[in-house]
Structures are given as structure tokens and as C-alpha cells.
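> Based on what follows, work out the 3D shape:
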Amino acid sequence: MKHCRHSRLIVLIAVAISLCPSPLLAQERTLDEFKEELLNRFHNGGSPLRTPEMKLEEVQQVLSRLTSLDRDLWAREWSAVGEPYEKKGGELAKAGRIKEALEAYGVAFAYYRAARYPVDNTPGKKEAYRKYIRVFLAMAKYFDPPLERVTIPFEGARGKEIVGYLRLPTGVTKPPVVINWGGTDSRKEDRSRSDDGFLAEGWASFTTDIPGTGESPIFATVDGEKVFSRIIDYLQQRPDVDGSRLAVQGNSWGGYWAVKLAYVERERILAAVNICGPVHDYFQPEWQRKSLQTREYLMDLFAARSALYNVTTLDAYLTEAAKRSLKTLGILGKPSAPLLSINGKLDSQVPISDLYILMEEGTPKMAWVNPEGGHGGRGPNAGNRDRDVIIPWLRTYLSGSGDRAGR
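This is a model prediction of the structure:
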């Protein structure tokens, strides 16, 4: 790897990205500290190693080969572990050993996810992202209930169609739909492996990428919610789902879009779930400068965040961020669809004050806060957030017992 003059093993924080754009920005960790943190995340379920498919000895092998924090080296080493599993999965599938094939594909998927994490911003990471989608679609052929890859025409700066994955619950006629998505570093493929809770309730699941990530056709423009509005149009036209019973759920940065849709699509959705999404304080320069240095995030936080807006400098990033405050846009005081917001009080990526701002303006809303939790409420006493909090709350509206009072 070729280093620029200012590069050292001490990894520079995001504001210094212009000095040396090649290495990962690992939140001020040395290379050894970075490896130690990766092992901690493997043992404790931290992203991007929050998966049971990875094996300790293979993770250790990758770490031993990370001689620098070069992004393409990172992508190459994780991909090298995943490739034999993908090949094995294909061979097992051809032999009709589907259960074993799915297990092999699942391991490959986990390693490719790490390889493309958190953003595909170099040739090696772009290639890892292609492999990640490829193995997911190979695996998805055998999902039960089946997965349908949906494309919806939509002209944007990044593409000409919205890509999503739809799964329908078995034995349910015209089910309601939960349209859901992840955040800055997660993709629809990650979400599609978390459909079981919705499907078990008899709800369909439609997953997609948020603007500025994955296969989304647009960047995170001020009016980026138009992508999700187009998905609502599409679902309301499908005869096999109930387009009058729709809910949305967004995680992390994706929570922003769930909140915005609760306002702008209040007549067409029954409920919205916001998991640690930004609202107002997050977009202020003071918070951004502070949160970009958080160690709660593993690496390349600025690279992942700035990619949403298609900018590369801190000044341009801060300018674009400020435009997206829902308070500045004059949205917060208006009526909204029923909205549940979730976060941890100690979140260092999105300020807990944004959740409180939501609660204090407009129509009444509900919230779940883990006083000891970090981003998304993860941490001590978090329990099973989806099973114990989100699904029971959504059940109130998607079961048909909810109403549209006040909207």
C-alpha cells in the first residue's frame, strides 16, 4: 500500500479525510487496537461481525493478514474467506442438498457483508458488494416463503429503478405490508434475512435500500422520501397485498425516512417505526463534529455518511446535513401517522434529544428508550426489541384494530 506523507498507523479522524483518502478511518484506533476491537465485536455481536455464521479461526486469519487499513485489502481478505463457501453452496445446491447449501451460502454472505462494509467506495469494495448481492440471490431461491425481486421504474441520479424484495406470508390472502429498510451501512439484503417476525404475524415484508446506499436510484436528497412514496404507489396497485394496510420501519439513518413518511404519507400508512433515526440536533454541525469521532462505530463513519449526499469534504457534508433537519423543513409540528420511536439514551451516533424533540411536537407519539442503551437501544436490558416492542405495537394497527383518528 502506498501511504501519503501524513499517514501513520494512528488512523486519522474523518475531518482529515483529504490528507489520505486510501486507508480506512478507524475512529482513531491504531491497527492493533482496530484488530482487538474487531475480535471484541466478533465475541459480542457487534457490526459488521454481528453474525453467528463466522468462525473464530477464520476471523483471526483475516486479522493476521490485515497489514494495513487499506480499504481494498480489507475487502479482498474478507472476500477470500467467503468465496470457497459460495462455491460449496453452489455445488450442494446442484446436488439437491438444499439445507446444507443454504448454510454454506449463509457463511459466504456473512463474509461478503464484512468485505463491503460500511460503504462500497473503492474497486475492491464494489466487487465485494456485487458478490454479496450475488450470493444473497442464490440463497434467496430457496427461501420459504419465497422472495420476489421487485423493480419499480424511477429515474434518479444513481439509477432508473427502485429495487426491492417482497415476501408474502404463507396462507394469507391480501396481507398487510411492512415496508422496511436499514441505515447508512446496512442494505436490503441484511433486512431481508430479518423478515421472520413480520411473516409469522401474517404480514408481508418489502425491503429496500435508503437513498444514497445500495441500489437506490437517488442520493439522500431533501425530497428523497419520493422513493418510498413510489413504493407505496406500487403496493397499492398489487392485487395480492392489502395496500390499505401499510406500515413503514426504518433503522438508524433510515429512521429519518420513517419519521418523514409518518408526516407526508399520513393518509396512506397506518403506522411508522423509527429506530434511532436523526431528526434535528443530529444535523447540526456541533453534533456532527462530535459524533464523527465516536468509537461506537467501527470505521469510515464519515465516508459512509458523506456518500449519502454524494459529497467528499467536511464543509460540503455539513452544509448538506443542515438542509435535512425536519424542524428546519417545518414538518415536526404537523399531524402524523402513529409513530413509535426507539433508541438508547447513550447513543453517540444519533442524539437522544432527537427522539425527545419528536415527542414534544405535533400529534401524540410513543417511544421506547433504553436508559443504558447505545445506538438503537442496544445494550444492557435491551431484551428482544423486535419481538417485545415493535411487533406488538405494529399489531395494534395492522391487525385492523387501529384507526386513523386525528389524521
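
> contacts and neighbour counts: CA atoms only from here.
Fine.

> Pull up the distance across stretch 86-104, start to finish.
Taking C-alpha to C-alpha, to the nearest Å, the first and last residues of stretch 86-104 lie 6 Å apart.

> contacting residues around it?
For stretch 86-104, contacts defined as C-alpha atoms under 8 Å, 6 or more residues apart in numbering pick out 85, 105, 107, 108, 135, 139, 142.

> Which among those residues count as buried?
85, 105, 107, 108, 135, 139 (16 or more other C-alpha atoms under 10 Å).

> Using the three-state scheme, assign the nearest residue to the fourth one once chain neighbours are set aside.
Distances taken as C-alpha to C-alpha, 6 or more residues apart in numbering put residue 82 closest to residue 108, at 4.1 Å, once the chain neighbours are dropped. In three-state terms, and counting by DSSP: H, G, I helix; E, B strand; the rest coil, residue 82 is helix.

> Residue 115 is in contact with residue 82, correct?
No - using C-alpha atoms under 8 Å, residue 82 makes no contact with residue 115, being 9.1 Å away.

> Strands of this protein, start to end?
For the chain, strands defined by DSSP state E occupy the ranges 147-153, 161-167, 177-181, 204-208, 246-251, 271-275, 339-344, 366-370.

> winner for burial among those strands?
strand 271-275 (a mean of 29; mean count of other C-alpha atoms under 10 Å).

> gap between that one and the chain center?
Offset of strand 271-275 from its chain centre (C-alpha atoms, centre = their mean, to the nearest Å): 14 Å.

> before we move on, what about stretch 41-60?
That offset, for stretch 41-60, works out to 18 Å (C-alpha atoms, centre = their mean).

> From residue 198, how far off is residue 119?
Relative to residue 198, and taking C-alpha to C-alpha, residue 119 is found at 27 Å.

> now do residue 396
Going from residue 396 to residue 198 by C-alpha to C-alpha gives 13 Å.

> re earlier: neighbour count winner among residue 82 and residue 115?
Higher neighbour count among residue 82 and residue 115: residue 115, with 32 against 29, using other C-alpha atoms under 10 Å.

> so what's the more buried one closest to, chain neighbours aside?
residue 75 (4.1 Å).

> What is the burial count for the one you found?
Neighbour tally, residue 75, other C-alpha under 10 Å: 26.

> Read off the pLDDT value for it.
Predicted confidence (pLDDT) for residue 75: 98.

> what residues does the helix or strand of the chain with the lowest mean pLDDT touch?
Sorting the helices and strands of the chain by mean pLDDT, DSSP states H and E puts helix 188-192 at the bottom, at a mean of 88. Surrounding helix 188-192, the residues in contact under the criterion C-alpha under 8 Å, 6+ apart are 133, 136, 164, 165, 180, 181, 182, 207, 208, 209, 214.
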